[in-house]
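K.L.:
mind looking at a prediction? Sequence and model below.
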Amino acid sequence: MIVLLFLAAAIGGGLNAVAGGGSFLTLPALIFSGVSPVVANATSTLALWPASISSTFAYRGDIKTSKRWLLILGITSVAGGLAGAQLLVRTSDSSFLRLLPWLMLVAAVTFTFGNKLRPKTADTGSHRFEHGGAWHPSMLGIVLIQLAIAAYGGYFGGGMGIMMLATLALAGMTNIHEMNGLKALLGVSINGLALLTFVLSGAIQWKYGLTMAAGGILGGYSTAAFARRLDPRYVRTFVIVVGWGMTIYFFARK
């Protein structure tokens, strides 16, 4: 069982580095191993968070966003992630299990149709995040959207990366590597505070969590290091198939 959980986290960390969707593997793997749903969700965060750090490190050279916007979006992400985590630890296992198929459905739909949310061409706001660009009223909307995504990420997180990529595209960003780097950095912020909340509340299954974290680091860094050579269409197809499969399973299990 430990070996299978390690492999699930390694593949999940690799998926997160390229397209997201790692929790489609880690969360069900933990539930199938007999871990209670809320603890499984919290432990899945532990499994994938170190991988997101290694992915951020791999993308460090691509992050060109101004320090001001890094601070604004970082604070927004931390606040939202903390709120979502607090909500999760106050949710009973039975309630979370009833919500899980719907959360999986949101994530699966996001992965399947998320690209359609992105603008096809750059607009006049294409440099709003770069080099301290001037404030624009529409950016308040981006901050509020990021706050909602962060709260969702702290509570569950499936599909969060695609949601953030779509939001950054709506803000005018067009460089996918820069967007992936910023997405990874904000994901670290969201899940970092969430993970601290889970640790302090005793919601982590350490026996499995540490093993999976090691697998996630291995998969996340090794995949991010050569992500540009992968065809993202094949990776996304794999994630979508797994995501819908897990969604159907959990609806059938209700």
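P.N.:
Perfect, I can see it now.

K.L.:
which positions in stretch 184-200 come out as buried?
P.N.:
For stretch 184-200, the neighbour count (16 or more other CB atoms under 10 Å) marks 184-195, 197-198 as buried. Placement of C-beta: from N, CA and C, glycine included.

K.L.:
secondary structure added to those, as JSON lines?
P.N.:
Listed next are the buried residues of stretch 184-200 as JSON lines, based on DSSP: H, G, I helix; E, B strand; the rest coil:
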{"residue": "Ala184", "secondary structure": "helix"}
{"residue": "Leu185", "secondary structure": "helix"}
{"residue": "Leu186", "secondary structure": "helix"}
{"residue": "Gly187", "secondary structure": "helix"}
{"residue": "Val188", "secondary structure": "helix"}
{"residue": "Ser189", "secondary structure": "helix"}
{"residue": "Ile190", "secondary structure": "helix"}
{"residue": "Asn191", "secondary structure": "helix"}
{"residue": "Gly192", "secondary structure": "helix"}
{"residue": "Leu193", "secondary structure": "helix"}
{"residue": "Ala194", "secondary structure": "helix"}
{"residue": "Leu195", "secondary structure": "helix"}
{"residue": "Thr197", "secondary structure": "helix"}
{"residue": "Phe198", "secondary structure": "helix"}
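
K.L.:
list the contacts of the nearest residue to Ser189 once chain neighbours are set aside.
P.N.:
The shortest distance from Ser189 to any non-neighbouring residue, by CB to CB, 6 or more residues apart in numbering, is to Ser77 (4.2 Å). Counting by CB atoms under 8 Å, 6 or more residues apart in numbering, Ser77 makes contact with 146, 150, 153, 186, 189-190.

K.L.:
and for Phe24?
P.N.:
Contacts of Phe24 (CB under 8 Å, 6+ apart): 12, 15, 104, 107, 158, 239, 242-243, 246.

K.L.:
mind redoing it with 7 Å?
P.N.:
The contact partners of Phe24, taken as CB atoms under 7 Å, 6 or more residues apart in numbering, are 158, 239, 242-243, 246.

K.L.:
so can I have a markdown table of these showing secondary structure and pLDDT?
P.N.:
Output for the contacts of Phe24, formatted as a markdown table (DSSP: H, G, I helix; E, B strand; the rest coil; pLDDT from 0 to 100):
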| residue | secondary structure | pLDDT |
| --- | --- | --- |
| Gly158 | coil | 78 |
| Val239 | helix | 76 |
| Val242 | helix | 81 |
| Gly243 | helix | 83 |
| Met246 | helix | 85 |
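
K.L.:
would you turn those into CSV with distance to Ala83 and neighbour count?
P.N.:
Conversion of these to CSV gives the following (distance: CB to CB, whole Å; neighbours: other CB atoms under 10 Å):
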residue, distance to Ala83, neighbour count
Gly158, 17, 29
Val239, 27, 26
Val242, 28, 19
Gly243, 25, 25
Met246, 26, 23
